[in-house]
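Here you go, sequence then predicted model.
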Amino acid sequence: MSNTGIKVFAPASVGNCIVGFDIMGLALNEPGDEIIAKFSDKKGLRITTITGAKGRIPKEIEKNTAGVAAMRFLEHIGESDRGIDLEIRKKMPFASGLGSSAASAVAGVMAVNELLKRPLEKRQLLKFAIQGEQIASKALHADNVAPSLLGGIIFTRDNATLDVHRIPAPRGLYATVIHPKIEIKTADARGVLSDSVSMKKQIEQAGNLGGFIIGLFRSDFDLIGRSLRDVIIEPQRASMIPGFYEVQEAAMNAGALGCSISGAGPSIVALSGNSLIAENTGEAMQSVFRKLKIDSELFISTINQEGAYKL
């Protein structure tokens with residue numbers, strides 16, 4: 001039996017896109033996770049190796065986001081007994097607000113699909129990837145999984161039915177993401193959120209979401225800039241990130257269109273209208289964390305239009 005295998009890369013993603021909590025996300029070019037899938041003479045799906053995780057990710061299939069996603073896919077196509085080994089290469093930070101668990105789930109199911117000569121189309125893998133990601137986030141939402149798999153900026157009308165739609169990314173739109181070397185688990189970040197929202201804030205947030213989407217379709221950076229204001233989620237989570245408002249102010253002073261928390265945090269994302277502003281924004285944001293003596297990583301990216309792909 002040939003044991004060459006298939007390697008797949010799944011990119012990081014920015015969940016929420018500032019004003020679209022649980023219903024919007026965009027794909028970055030980097031970082032991301034890699035997974036290698038190989039046929040095995042032993043029956044069933046196994047995770048044989050995990051690198052880059054410092055022992056923090058379980059190899060048990062039902063406790064691993066990639067394992068669950070791949071297994072649900074195999075069950076669906078009637079191949080649950082097929083001997084397949086997975087090697088997981090974590091190349092992005094944990095609990096970062098960059099969709100780490102989503103990237104693993106996406107890479108896992110896509111690698112197995114590729115290994116089996118694509119019995120399903122790429123978009124059909126979404127429902128399996130989201131089941132894997134749910135193991136980590138404890139919630140069913142596609143804002144990270146969908147862009148990591150499909151690429152682009154994705155709007156989810158309904159998470160339960162995975163009614164997802166691609167929104168055009170204007171030419172020149174850049175994401176600047178800074179990841180301070182602290183961790184915030186998605187489940188913890190969701191725990192601080194209130195179920196009650198005032199009518200005034202809901203109306204304002206709905207207006208901002210609508211304005212952002214229209215701005216994307218029209219490539220209207222002024223409208224995008226006016227719309228990137230989160231009045232519901234950000235105020236409840238900001239205190240979890242040291243120096244958040246100082247970083248946000250630095251980004252806006254550098255010319256960013258908007259700046260807020262990436263996913264559940266602690267990463268912070270700023271959107272800009274060109275690469276120079278994106279670079280200046282990154283330096284300004286990172287300088288705040290340097291003053292706070294907090295190490296950080298910086299990622300500057302156009303919108304990744306491809307999503308996950310075979311390497």
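Everything's here; your move. Numbers count the residues shown, from 1 in each chain.

Show me where the stretch 201-311 of the chain has its helices.
In order along the chain, the stretch 201-311 of the chain carries the following helices (DSSP state H, counting those that start in this stretch): 221-227, 234-237, 244-253, 275-291.

Can you mark which positions in the helix or strand bottoming out on mean pLDDT in the chain are buried?
Across the helices and strands of the chain, mean pLDDT, DSSP states H and E gives its lowest value to helix 186-191, namely a mean of 79. By neighbour count on 16 or more other C-beta atoms under 10 Å, the buried set for helix 186-191 is 186, 189. Every residue, glycine included, has its C-beta placed from N, CA and C.

same question, stretch 83-96
The neighbour-count check on stretch 83-96 (16+ other C-beta under 10 Å) flags 84-96 as buried.

Just the element for residue 94, please.
Remark: residue 94 resides in no helix or strand, with elements defined by DSSP states H and E.

Please report how far it lies from residue 134.
Residue 94 sits 17 Å away from residue 134, going by C-beta to C-beta, to the nearest Å.

Excluding residues flanking it in the chain, which one is nearest residue 190?
residue 139 (6.5 Å; C-beta to C-beta, 6 or more residues apart in numbering).

How many neighbouring residues does the one you found have?
Burial of residue 139 is recorded as 12 neighbouring residues (other C-beta atoms under 10 Å).

Tell me which residues touch it, please.
Residues in contact with residue 139 (C-beta atoms under 8 Å, 6 or more residues apart in numbering) are 22, 186, 190.

Remind me what the least confident helix or strand of the chain packs against, helices and strands.
Judged by 3 or more C-beta pairs under 8 Å, 6 or more residues apart in numbering; DSSP states H and E, helix 186-191 is in contact with helix 126-137.

what about the helix it packs on, distance to the chain center?
12 Å (C-alpha atoms, centre = their mean, to the nearest Å).

Straight-line length of stretch 70-83, end to end?
Counting by C-alpha to C-alpha, to the nearest Å, you get 12 Å between the two ends of stretch 70-83.

ok, now stretch 267-286?
Where stretch 267-286 begins and where it ends lie 11 Å apart, using C-alpha to C-alpha.

Residues in contact with it: which ones?
14, 18, 96-98, 172-180, 221, 224, 228, 241, 244, 247-248, 250-251, 253-262, 296, 298, 300.

What subset of these is buried?
14, 18, 96-98, 173-180, 221, 224, 228, 241, 244, 247-248, 250-251, 254-262, 296, 300.

Among these, which lie within strands?
14, 174-180, 258-261, 296, 300 (DSSP state E).

With pLDDT and distance to residue 63 added, can I get the residues you listed in CSV?
Converted to CSV, those look like this (pLDDT from 0 to 100; distance: C-beta to C-beta, whole Å):
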residue, pLDDT, distance to residue 63
14, 98, 26
174, 98, 37
175, 98, 31
176, 98, 34
177, 98, 28
178, 97, 31
179, 97, 25
180, 96, 28
258, 98, 37
259, 98, 35
260, 98, 32
261, 98, 27
296, 96, 30
300, 98, 34
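
Many thanks, have a good one.
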